[in-house]
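S.K.: Need coordinates for the below:
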Amino acid sequence: MTALSVNLNKLALLRNSRGHNQPDILHYAQRFIELGVQGITIHPRPDERHIKQQDAYDLAKLLKQYPQIEFNIEGYPSEAFLHLVETCMPTQCTLVPDAEDQLTSDHGWDFTQQLDILRPIIARLKNSGIRVAVFLDPDPRQVQLAAQSGADRIELYTEEFARIFSAESSGDGTGEILRKYKRAAVLAQELGLGVNAGHDLNLQNLPSFLSIPAILEVSIGHALIIECIDRGIEKVIADYLRICKP
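M.R.: The predicted structure is shown next:
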């Protein structure tokens, strides 16, 4: 089974636009949990334009009541971010190479340049008892180097797959890009890495993507929140959980 982790960033962005606590992030985290999701993801950024540091602390406290739910904090490993993660002690920390002013994640790590920088950071987090994933493009060379970093998992950046899936009508291009991701996933698994995935996955493209074997987790936020607005939270989460079953 693939675990579904719901990213709460877009709900926080909506809340922040009005300067009060609606929608309530903790309330919706609990709603998603009650509907059967296996994880909660947040990606705090330095400008706190959506998830705030206090949200991370509040969610960490809340999720202690739900030990079966995985808490995943994503972000660039600045010292401030690492302190936040080590205080919250999530199940997993996903390291992402985002610039401070970046609108959204748009590429994976380049381990040809950053392996030596990331190794001690990954070791530090793992020594604290936190599972570490690294955000990665489906590039075999990057997968091979990620396996030398000490990371437990990779998270495949799936925007390219989602874009081609959306643009293709014949399916030929989708098949080729899916094979590209499958090659990266299988190589990672052969090298002892778990494989997560995320970015622009939705109810339409997720069934195709999960034809790749042994994807451990998908984290979905932007599309899922839009689908919840359009079709209702209960139906959307039920559909995602059905897709994620083996």
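S.K.: Please enumerate the strands of this protein.
M.R.: 3-7, 39-42, 70-75, 92-95, 131-136, 153-157, 194-198, 217-220 (DSSP state E).
S.K.: okay, these in CSV with mean pLDDT and distance to residue 142 next?
M.R.: In this view, the C-beta of every residue, glycine as well, is placed from N, C-alpha and C. Converted to CSV, the strands of the chain look like this (pLDDT from 0 to 100; distance: least, C-beta to C-beta, whole Å):
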stretch, mean pLDDT, distance to residue 142
strand 3-7, 98, 22
strand 39-42, 98, 22
strand 70-75, 98, 18
strand 92-95, 98, 13
strand 131-136, 98, 5
strand 153-157, 98, 8
strand 194-198, 98, 13
strand 217-220, 98, 19
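S.K.: between those, which gets nearest to residue 246?
M.R.: strand 3-7 (11.8 Å; C-beta to C-beta).
S.K.: pull the CA atoms of that closest one into PDB?
M.R.: Extracted C-alpha coordinates of strand 3-7, given in PDB (Å, rounded to 0.1, in the frame of the first residue of the first chain):
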ATOM      1  CA  ALA A   3       0.700   5.900   2.200                       C
ATOM      2  CA  LEU A   4      -1.200   9.200   1.400                       C
ATOM      3  CA  SER A   5       0.200  12.200   3.200                       C
ATOM      4  CA  VAL A   6      -1.800  15.400   2.800                       C
ATOM      5  CA  ASN A   7       0.200  18.600   2.400                       C
END
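S.K.: State which helix of the protein is the longest.
M.R.: helix 172-190 (DSSP state H).
S.K.: Measure how that one sits relative to strand 194-198, angle-wise.
M.R.: 150 degrees (axes from the mean of the first three to the mean of the last three C-alpha atoms, to 10 degrees).
S.K.: Quick one: list the elements packing against helix 172-190.
M.R.: Counting contacts by 3 or more C-beta pairs under 8 Å, 6 or more residues apart in numbering; DSSP states H and E, helix 172-190 packs against helix 140-146, strand 153-157, helix 159-167, strand 194-198, helix 206-209.
S.K.: could those be laid out in a markdown table, adding distance to residue 118 and mean neighbour count?
M.R.: Output for the helices and strands packed on helix 172-190, formatted as a markdown table (distance: least, C-beta to C-beta, whole Å; neighbours: other C-beta atoms under 10 Å):
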| stretch | distance to residue 118 | mean neighbour count |
| --- | --- | --- |
| helix 140-146 | 9 | 19 |
| strand 153-157 | 12 | 25 |
| helix 159-167 | 21 | 17 |
| strand 194-198 | 17 | 24 |
| helix 206-209 | 26 | 19 |
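S.K.: How about stretch 122-138, which residues are buried there?
M.R.: The neighbour-count check on stretch 122-138 (16 or more other C-beta atoms under 10 Å) flags 122, 125, 130, 131, 132, 133, 134, 135, 136, 137, 138 as buried.
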